[in-house]
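1. using only what follows, build the 3D model:
(one chain, ligands or ions: 1)
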Amino acid sequence: MSSVFGKPRAGSGPPSASPEVNLAILGRRGAGKSALTVKFLTKRFISEYDPNLEDTYSSEETVDHQPILLRVMDTADLDTPRNCERYLNWAHAFLVVYSVDSRQSFESSCSYLELLALHAKETQRSYPTVLLGNKLDMAQYTRQVTKAEGAALAGRFGCLFFEVSACLDFEHVQHVFHEAVREARRELEKSPLARPLFISEERTLPHQPPLTTRHGLASCTFNTLSTVSLKEIPTVAQAKLVTVKSSRAQSKRKAPTLTLLKGFKIF
Ligand SMILES: Nc1nc2c(ncn2[C@@H]2O[C@H](COP(=O)(O)OP(=O)(O)OP(=O)(O)O)[C@@H](O)[C@H]2O)c(=O)[nH]1
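-> Okay, the predicted model is just below:
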């Protein structure tokens, strides 16, 4: 297996002509965001990660026979949404993860869904969101959140809902990520300008308290689209970008690579 260890995307070849979708994975610490990301990218379940590192991965996928460059930001927010503009201004779609064996993580997922609903309202755009109840393999022993509760929460926010397990079958996890891509693609087709923007000037509208105040979200600032200075996001803010080419890389001529995932090597 040839390898790239933490290799930045820039300089790793000509830019891809495939359409691009940015997907941010949100949720409370320990919900399984990294495990799901790694499962999707490598088909493997790895049990321990450095919880403090936040990484963004890039993977060439084929969804419904169409190539797509999928970027996945595996966020590390600890317990509540923090500095959320880094993903709000970047992502086309979101996966909000909780663990079916943790009521606390379920409650956190509700905060994330509220944050996203507010962001959609502020920007007057739709952001496809999938609510994921992870650790389904634990449900028979320590389930704390019923499937009906998950479905009801998803229904309240108009998002798709699945229960999955990062340590069970890969196909189910892949299906969830691909559903997010499908939804994002639909949204991008409806609104061609719906590309992530990086707002370089921080300014709050008069009469509009910052998001932090309205939602009590610690250190979460939000820049409205009415600011004067807009430019496309150049790279992923505050996140290290590495390229992941798993054994599922579309071209069989491209060798699968080794990469850095939250400080761990995948073999
Ligand atoms: N049984 C089981 N354990 C899981 C599953 N997904 C993740 N875990 C475990 O749950 C713990 C937390 O998983 P992470 O993927 O690190 O969770 P995270 O949401 O990324 O949390 P941070 O890294 O702290 O941001 C680890 O010990 C994983 O092995 C799952 O589907 N089933």
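2. and the chain, which of its residues are near the ligand?
-> 27, 29-35, 47-49, 51, 76, 134-135, 137-138, 165-167 (CB under 6 Å from any ligand atom). (C-beta placed from N, C-alpha, C; glycine too.)
3. buried subset of the residues you listed?
-> 27, 30-35, 49, 76, 134-135, 138, 165-167 (16 or more other CB atoms under 10 Å).
4. now for these: which two are most distant?
-> The two members of these with the most space between them (CB to CB) are Ala76 and Met138, at 22.0 Å.
5. would you mind measuring the gap between the ends of stretch 89-107?
-> Separation of the first and last residues of stretch 89-107 by CA to CA, to the nearest Å is 24 Å.
6. which parts of it are buried?
-> For stretch 89-107, burial by neighbour count (16+ other CB under 10 Å) applies to 89-102, 104-106.
7. output the lowest mean pLDDT helix or strand found in this protein.
-> The weakest-scoring helix or strand in the chain, judged by mean pLDDT, DSSP states H and E, is strand 230-232 (a mean of 34).
8. coming back round to it: out of the buried residues of stretch 89-107, list just those in strands.
-> Mapping these onto strands (DSSP state E) picks out Ala93, Phe94, Leu95, Val96, Val97, Tyr98, Ser99.
9. please report the distance of the fourth one from Ser111.
-> Think Val96. Relative to Ser111, Val96 is positioned 9 Å away (CB to CB, to the nearest Å).
10. for the last one, same thing?
-> Taking CB to CB as the measure, Ser99 and Ser111 are separated by 15 Å.
11. what does the third one give?
-> In this structure, Leu95 and Ser111 are separated by 15 Å, where distance is defined by CB to CB.
12. one more: the fifth one?
-> Distance, Val97 to Ser111, by CB to CB: 13 Å.
13. surely Phe162 meets Lys147?
-> No: if you go by CB atoms under 8 Å, Phe162 and Lys147 don't touch, sitting 10.0 Å apart.
14. which residues do Val96 and Ser111 both contact?
-> Common contacts of Val96 and Ser111 (CB atoms under 8 Å, 6 or more residues apart in numbering): none found.
15. helices of the protein, residue ranges please.
-> For the chain, the helices defined by DSSP state H occupy 33-42, 85-88, 103-123, 139-142, 147-157, 170-190, 211-215.
16. of those, which stretch is the most buried?
-> helix 33-42 (a mean of 26; mean count of other CB atoms under 10 Å).
17. what's the average pLDDT for that one?
-> The pLDDT scores in helix 33-42 average 95.
18. just stretch 132-148 next, same as before
-> The average pLDDT for stretch 132-148 rounds to 97.
19. what's the span of it from first residue to last?
-> Note: stretch 132-148 ends 13 Å apart using CA to CA.
20. go on, stretch 153-163?
-> 13 Å.
21. rounded mean pLDDT for it, please.
-> pLDDT averaged over stretch 153-163 gives 97.
22. what's in contact with that stretch?
-> 96, 100, 106, 109-110, 113, 116-117, 128-134, 136, 139, 147, 150-151, 172, 175-176, 179-180, 183.
23. one more time with 7 Å, if that's ok
-> The contact list for stretch 153-163 (CB atoms under 7 Å, 6 or more residues apart in numbering) reads 100, 110, 113, 117, 129-133, 136, 147, 150-151, 176, 179.
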